[in-house]
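Peer 1: Generate coordinates for the sequence data below:
(one chain, ligands or ions: 1)
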Amino acid sequence: MKNIVVVGTQWGDEGKGKVVDLLAPAFDIVARYQGGHNAGHTVIIGDRKFILRLVPSGILHDSAVCVLGNGVVVDAQALVEEIEGLGTLGVEVDGRLRISNRAHLILPHHRAVERISEERRGEDRVGTTMRGIGPSYEEKSGRRGVRAGDILNPAELRRAVLAARDEAAATLGTTEPELAIEGYESYLESAQRLAPFISDTACFLNDAVDAGQRVLLEGAQGTMLDLDHGSYPFVTSSSSTAGGACTGTGLPPTRVTGALGIIKAYTTRVGAGPFPTELTDERGRHLQDRGQEFGSVTGRPRRTGWFDVPVARYSARVNGLSSLALTKLDVLDELDSISVCVGYRTAAGSCSTIPSSIHDYGDVEPILESFDGWKQSTRGISRLEDLPAAARAYVEALSSYVGVEIGLISTGPERDETIVVAGGRVADWAGRGA
Ligand code: GDP
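Peer 2: Okay, the predicted model is just below:
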């Protein structure tokens, strides 16, 4: 049994899309377990660039069946657009995409609720993507949500969606553009196009595992954006950590056999909130430019900073990481020296754990250690022994600080710009021999 969960270890955008894309051929099923269409995995194959918002990147491999689990929230219109976009690129999803009948729908008024809530927060806004994801999860928790399974009963769907709209109108007023009735009519039309994809995916996944199939569970965002374990309240509205893979798909913990943490060779984060290793100087801009650190869906520039060991260790713990995939090593190629945060300085002394309060977390200062830069290109290197000595020393130091093996090193955006470390777990999972 080989069912693994692939999880972001930092604040998201670690390059999960590329790694899932690499591993997908060795798996029968790729399942997303949380989040909505704000994820934006970028996958580059030859001269084609795909931005996948909701559909798992496994869809780019003919063999994999892709699942949107019950923990995902689905904007029917956005998903129909994504399916059509994939179709124009020659990627056919019919028969290869399954949507959980228990996944909740994002409805048009969720965008209005989010916009108004962010406006009200002013300076304290979370910096969400305005796609209605948070409000959809709120209605789910409030037991007022509408689920994808309702699409199979059009009359009930219509009743439930319009009732939800009327309830929103009672609080927000009817003048918000998102509440226009025409918008709901076209939403209901789009929703019907998803009917053929909807089923009980928890049963499907468990049956598949019973039959010996291999499942890759794909998270969106990252550990520090997890609703419970992240830097609350600057987090996403769902469980992006490995545990969320079970609640978000119905595949039980006893059937998940490993967790791969995707980790950037430095750190980035989008939106507000504490970021102890942030670089606001020229070096930060260098990482932003070289790493192309701009949101793939929103275009928002990402904040950048040094690798943060306390974050990585925390992530290793709460996700139970078996291996790490270190991405974007090549982005550091030109730096004279590279720092790593090995702990935090606080008013009470030093610590190596993550304070639960953002006020405390906002006050910590990073304790930095410096490494020599390698000042040569690592772009495209695919064998560990070809890495410059200083780059190898950096990679080995990170692994030993975090206490988890590095099973894959990514040296560029393309599939073949990758080192799969011989004897590591990723080599085993990718079917390249242990
Ligand atoms: P994800 O949401 O975690 O998949 O991350 P994104 O797709 O937002 O960001 C990853 C970006 O980095 C994409 O544009 C990838 O093509 C690119 N990328 C992934 N791995 C590497 C790498 O090793 N080096 C470089 N230079 N770019 C990479």
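
Peer 1: contacts for stretch 223-240?
Peer 2: 7-12, 34-35, 71, 73, 126-127, 133-134, 137-138, 219-222, 241, 244, 247-248, 261, 269, 271-274, 311, 314-315, 318-319, 354, 356, 358, 361 (Cβ atoms under 8 Å, 6 or more residues apart in numbering). C-beta: built from backbone N, CA, C; applies to glycine.

Peer 1: Would you mind marking which of those are also close to the ligand?
Peer 2: Of the residues in those, proximity to the ligand by Cβ under 6 Å from any ligand atom holds for Gly8.

Peer 1: how far does the longest strand anywhere in the chain sit from the chain's center?
Peer 2: In terms of residue count, the longest strand belonging to the chain (DSSP state E) is strand 337-346. Here strand 337-346 is found 25 Å from its chain centre; the criterion is Cα atoms, centre = their mean, to the nearest Å.

Peer 1: Tell me the residues of this structure that contact the ligand?
Peer 2: Neighbours of the ligand within the chain, by Cβ under 6 Å from any ligand atom: 8, 13-18, 40-42, 44, 292, 296, 327-328, 330-331, 410-413.

Peer 1: May I see the buried residues of the longest strand of the chain?
Peer 2: Ile338, Ser339, Val340, Cys341, Val342, Gly343, Tyr344 (16 or more other Cβ atoms under 10 Å).

Peer 1: For that strand, name the packing helices and strands.
Peer 2: Packing partners of strand 337-346 (3 or more Cβ pairs under 8 Å, 6 or more residues apart in numbering; DSSP states H and E): strand 307-308, helix 309-319, strand 349-351, strand 365-372, helix 389-402.

Peer 1: before we move on, back to that, mind checking which of the contacts of stretch 223-240 land in helices?
Peer 2: Among the contacts of stretch 223-240, the members found in helices (DSSP state H) are 133-134, 137-138, 244, 247, 311, 314-315, 318-319, 358, 361.

Peer 1: leaving aside the residues next to it on the chain, what's closest to Pro355?
Peer 2: Nearest residue to Pro355, sequence neighbours excluded (Cβ to Cβ, 6 or more residues apart in numbering): Tyr361, at 4.5 Å.

Peer 1: what does Ser231 give?
Peer 2: Residue nearest to Ser231 in three dimensions, not counting chain neighbours: Gly273, with 5.0 Å by Cβ to Cβ, 6+ apart.

Peer 1: Ramachandran coordinates for the one you found?
Peer 2: Main-chain dihedrals, Gly273, degrees, to the nearest 10: phi 120, psi 160.

Peer 1: Enumerate every residue touching it.
Peer 2: Gly273 makes contacts with Gly127, Ser231, Phe234, Ile358, as judged by Cβ under 8 Å, 6+ apart.

Peer 1: what's the pLDDT at it?
Peer 2: On the pLDDT scale, Gly273 is placed at 90.

Peer 1: just Met1 next, same as before
Peer 2: On pLDDT, Met1 comes in at 67.

Peer 1: Same question for Gly261.
Peer 2: Listed pLDDT for Gly261 reads 98.

Peer 1: Could you measure from it over to Trp306?
Peer 2: 18 Å (Cβ to Cβ, to the nearest Å).

Peer 1: the more surrounded of those two?
Peer 2: Gly261 (30 against 23; other Cβ atoms under 10 Å).
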